[in-house]
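Enquirer: How does the following fold in three dimensions:
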Amino acid sequence: MSWLGILFQRKTTSNPAVKSLRRNQVKLDSRIEKIITLLPKMGETIRQGADYLYAKVLQEQIRNYDTRFGSKVVDQIDDPKRSAILRKLTGLMLVTFFNELSERYPDSAIPSALSDGLHYEIYRTLPSKDSFIDYLTYRNPNFEDPRLAPAFKFGNDIAEIMQTLDLSFSFMISQQSTIISEISRKLIRLVLFDEPIEATPQPP
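Expert: Got it, this is the predicted structure:
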């Protein structure tokens with residue numbers, strides 16, 4: 001994008017997280033400006049990616065669980081439950097987005113601001129505590145590696161939505177966070193950094 005295009009984008013964005021970032025940062029480099037212009041495209045990619053991961057990863061794993069245990073959990077997924085699952089799934093994808101930017105801009109407010117901006121592009125609202133921020137702030141003393149905590153919480157969240165108390169169900173869902181994060185990372189790098197998508201791992 002030309003400098004004129006960037007200037008136009010700076011003046012016309014309605015994203016409150018981006019506006020706040022520009023007010024609080026003296027100068028944003030060209031890479032950040034490019035990411036800002038790509039936030040709408042990134043938002044649409046995350047929406048489509050969440051639909052794909054829901055159908056090809058979570059739903060398939062729940063069907064496998066039903067086959068194994070003779071249950072009918074997948075049949076209980078009505079529209080409200082599907083929407084709730086998709087929101088949790090999207091939250092995990094936003095955590096991956098935050099982590100990708102944190103590797104490039106450590107000890108900076110930029111990853112948080114742009115993640116808020118991406119959330120706005122998806123939902124047209126800034127994130128509340130009950131969003132991907134809940135995954136970022138969640139801590140569990142049982143894990144030496146804090147990176148495992150969001151996966152654990154994700155499994156519990158989906159189990160709660162489905163009102164399933166079986167620990168093997170929440171553990172199964174937690175295991176899917178690896179492939180969810182990996183596919184999310186590939187989509188993020190494709191959109192933001194033009195990195196080609198390589199073969200993705202298959203669910204266990």
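
Enquirer: Every contact and neighbour count from this point should use C-alpha atoms.
Expert: Noted.

Enquirer: For the spatially most central residue of the chain, pull up the helix or strand it's in.
Expert: Ranked by distance to the mean C-alpha position of the chain (C-alpha atoms, centre = their mean), the top residue is residue 93 at 1.6 Å. With the criterion set as DSSP states H and E, the secondary-structure element containing residue 93 is helix 79-104.

Enquirer: now for that helix, which elements pack on it?
Expert: Packing partners of helix 79-104 (3 or more C-alpha pairs under 8 Å, 6 or more residues apart in numbering; DSSP states H and E): helix 30-53, helix 110-123, helix 132-137, helix 149-161, helix 177-193.

Enquirer: Quick check: mean pLDDT of that helix?
Expert: Confidence for helix 79-104, expressed as mean pLDDT, is 96.

Enquirer: could you check the angle helix 30-53 makes with that helix?
Expert: Computed with axes from the mean of the first three to the mean of the last three C-alpha atoms, to 10 degrees, the direction of helix 79-104 lies at 150 degrees from that of helix 30-53.

Enquirer: Helix 79-104 to helix 110-123, inter-axis angle?
Expert: Regarding helix 79-104 and helix 110-123, their directions subtend 150 degrees when assessed with the same axes, to 10 degrees.

Enquirer: My guess is the residue nearest to the centre of the chain contacts residue 181. True?
Expert: Yes: at 6.3 Å, residue 93 and residue 181 qualify as touching, with contact defined as C-alpha atoms under 8 Å.

Enquirer: if we can go back for a sec, to residue 14, which of the helices and strands packed on helix 79-104 lies closest?
Expert: helix 110-123 (9.9 Å; C-alpha to C-alpha).

Enquirer: Tell me how far that closest one lies from the chain's centre.
Expert: 10 Å (C-alpha atoms, centre = their mean, to the nearest Å).
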